[in-house]
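Novice: can't give you the sequence, but here's the structure:
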C-alpha cells in the first residue's frame, strides 16, 4: 500500500470509529427532514363525553394529543357568518377563541362560511350575487377589522368545498351563476386588504373532484393575488352505511386532484389537506392511516405542507382515530416521524404563514 493509500485507510478507520462511538453513546442521530409539515386536527368533544369541541373546550385537544402522543401545530374549527346560540345574528371575529388556540401554541385554521348555519344549500339571502352587490360589506369590514386588531397570523379557509353541490356558495346551487364564486371571493378579499388585515392567510380549499362536482375546478380559483395557500379536502368513506361508497386508499382519494392543483391551477402555492379521515367500515382504518401519514404524505405527496385530521363523529361517520385501538395506535406511530411539526409557533406578527421548509 502506498503512503497516500495508508493515509486514506487510516482516515476512514478513524471516521468509522467516531461514528461507532457516537452510536454507542447515543449521540448519532438521523439527519433532520428537509421538509416539515404543520399538522393538527378538528377535534370534536363527543368521543370524549364532552359537550363542546375545541377550542371551546380545550379538554378535547388535551385528550386527542394524549392519544397520539404529540402536540399539534394546527387547530381547526368553523364559524358561519350567521349563527344562533343565545341569539341569532351575524357573528363577529372571535378573538377569544383565536387567543385560546394561540396560547396553546397552535396556528388557528378557521373554516369561515358565508351562510346561515343548518339551513342547507338554498339560502337566497346568501347568494353569491348578494355578497358581490355589497349586502354584507359592513359585516365583512367589521370582521376584518377584528382580525386586524387581533393581529396574529391564522389560516382563513374561506368558503371551502365550493365545488360541491350542497353549500350556498356553490355555483351549482342557490341560483348562483358561473363566474360568481371568483367575483365574490375577490370582493371579500379586497375588503380585508383595504382595512389592512395582513395577518390573514387565505386558503382556497375545494373538495377532491368527484362525479358531479363543479367543473372545471380551475374556473373556481380566484387567482394567485387572492390566495396564499391551496388546499384539498378528501375522505375514505369506505362502505359505511351512512354514506356507502367503496374503500379508497389515500393516494386514490387525493392523487388526481392533487396533481391538477399543484401542476396546473396553483403550482406556486403551498398546499394544505384541510380535512381528511377514514371510516372503519370496508377495510383496515389503521392501515389507511399508516399509509397516508407514513408513506404517502412523506414521499408521494411532497407538496403537502400542512394536514388536518377530522376527529369528530358526524352524520353517522366514524372519523375519529378513537373509533378503535388499532386506528389510534397507527396514528400515534405515524406521528413519531419528525416530519410532523409540533406546536412551536413559527408565524410572525402580521405576516402570512409560510411552509416550514
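Specialist: Everything's here; your move. This structure is a prediction, so every number in the text was calculated from the model and none was measured. Residues are numbered from 1 along each chain as shown.
Novice: CA atoms for contacts and neighbours, from now on please.
Specialist: Fine.
Novice: For the spatially most central residue of the chain, give me phi and psi.
Specialist: In the chain, the centroid-proximal residue (C-alpha atoms, centre = their mean) is residue 274; its distance is 2.7 Å. Phi and psi for residue 274, reported as degrees, to the nearest 10, are phi -80, psi -30.
Novice: Report the contact partners of it.
Specialist: 205, 231-233, 306-309 (C-alpha atoms under 8 Å, 6 or more residues apart in numbering).
Novice: go on, residue 37?
Specialist: 304-307, 339-341, 355-356.
Novice: before we move on, what about residue 279?
Specialist: Residue 279 neighbours (C-alpha under 8 Å, 6+ apart): 236-238, 240, 285, 317-319.
Novice: Most neighbours out of the contacts of residue 274, which is it?
Specialist: residue 231 (28 neighbours; other C-alpha atoms under 10 Å).
Novice: pLDDT wise, what is it at?
Specialist: If you check residue 231, the pLDDT there is 98.
Novice: what are the bridge partners for it, then?
Specialist: residue 272 (DSSP bridges).
Novice: Over to residue 308?
Specialist: residue 40.
Novice: was I right about it contacting residue 235?
Specialist: No - if you go by C-alpha atoms under 8 Å, residue 308 and residue 235 don't touch, sitting 11.7 Å apart.
Novice: tell me, what's touching those two both at once?
Specialist: Counting by C-alpha under 8 Å, 6+ apart, the residues touching both residue 308 and residue 235 are 275-276.
Novice: ok so, going back, what's the closest of the contacts of residue 274 to residue 66?
Specialist: residue 309 (15.3 Å; C-alpha to C-alpha).
Novice: mind listing what the closest residue to that closest one other than its chain neighbours touches?
Specialist: Using C-alpha to C-alpha, 6 or more residues apart in numbering and skipping the chain neighbours, the partner closest in space to residue 309 is residue 41 (4.5 Å). Going by C-alpha under 8 Å, 6+ apart, residue 41 touches 72, 74-76, 308-311.
Novice: Repeat the analysis, applying 6 Å as the threshold.
Specialist: 75, 308-310 (C-alpha atoms under 6 Å, 6 or more residues apart in numbering).
Novice: go on, residue 165?
Specialist: residue 172.
Novice: pLDDT wise, what is it at?
Specialist: The model's pLDDT for residue 165 equals 92.
Novice: what about residue 248, how many residues close to it?
Specialist: Neighbours of residue 248 (other C-alpha under 10 Å): 18.
Novice: Test my guess that it contacts residue 236.
Specialist: Yes - between residue 248 and residue 236 a contact is recorded at 5.5 Å, counting by C-alpha atoms under 6 Å.
Novice: can you give me the strands for this protein?
Specialist: 38-43, 74-84, 88-90, 107-116, 154-158, 200-204, 229-236, 271-278, 304-311 (DSSP state E).
Novice: Residue ranges in the stretch 251-357 of the chain under the pLDDT threshold?
Specialist: 343-350 (pLDDT under 70).
Novice: if you set the cut-off to 80 instead, what comes out?
Specialist: 342-351, 357 (pLDDT under 80).
Novice: how much space between residue 279 and residue 315?
Specialist: Using C-alpha to C-alpha, to the nearest Å, we find residue 279 at a distance of 12 Å from residue 315.
Novice: can you check residue 129 too?
Specialist: Taking C-alpha to C-alpha, one finds residue 129 at 30 Å from residue 315.
Novice: more neighbours, these two?
Specialist: residue 129 (19 against 8).
Novice: pLDDT value on the more buried one, please?
Specialist: 98.
Novice: And the one 10 residues further on, by the same measure?
Specialist: For residue 139, the model assigns a pLDDT of 98.
Novice: Tell me how many other residues surround residue 74.
Specialist: Neighbours around residue 74, by other C-alpha under 10 Å: 27.
Novice: how much space is there between the nearest residue to it once chain neighbours are set aside and residue 249?
Specialist: Using C-alpha to C-alpha, 6+ apart and skipping residues adjacent in sequence, the residue nearest residue 74 is residue 40, 4.4 Å away. Between residue 40 and residue 249 the computed distance is 20 Å (C-alpha to C-alpha).
Novice: what about the helices in the stretch 151-300 of the chain?
Specialist: Secondary structure of the stretch 151-300 of the chain (DSSP state H, counting those that start in this stretch): helices at 180-195, 250-260, 285-291.
Novice: Would you format the ones you listed as TSV with mean neighbour count included?
Specialist: Listed next are the helices of the stretch 151-300 of the chain as TSV, based on neighbours: other C-alpha atoms under 10 Å:
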stretch	mean neighbour count
helix 180-195	18
helix 250-260	17
helix 285-291	21
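Novice: which stretch among those comes nearest residue 63?
Specialist: In terms of C-alpha to C-alpha, the element of those nearest to residue 63 is helix 285-291, at 19.0 Å.
Novice: Please work out which residues outside that closest one touch it.
Specialist: By C-alpha under 6 Å, 6+ apart, the list of residues contacting helix 285-291 reads 326-327, 330.
Novice: hmm, 8 Å instead?
Specialist: By C-alpha under 8 Å, 6+ apart, helix 285-291 touches 249-250, 278-279, 326-331, 333-334.
Novice: most surrounded residue in the residues you listed?
Specialist: residue 278 (29 neighbours).
Novice: Next up, the contacts around that one.
Specialist: Per C-alpha under 8 Å, 6+ apart, neighbours of residue 278: 235-238, 285, 288-289, 318-319.
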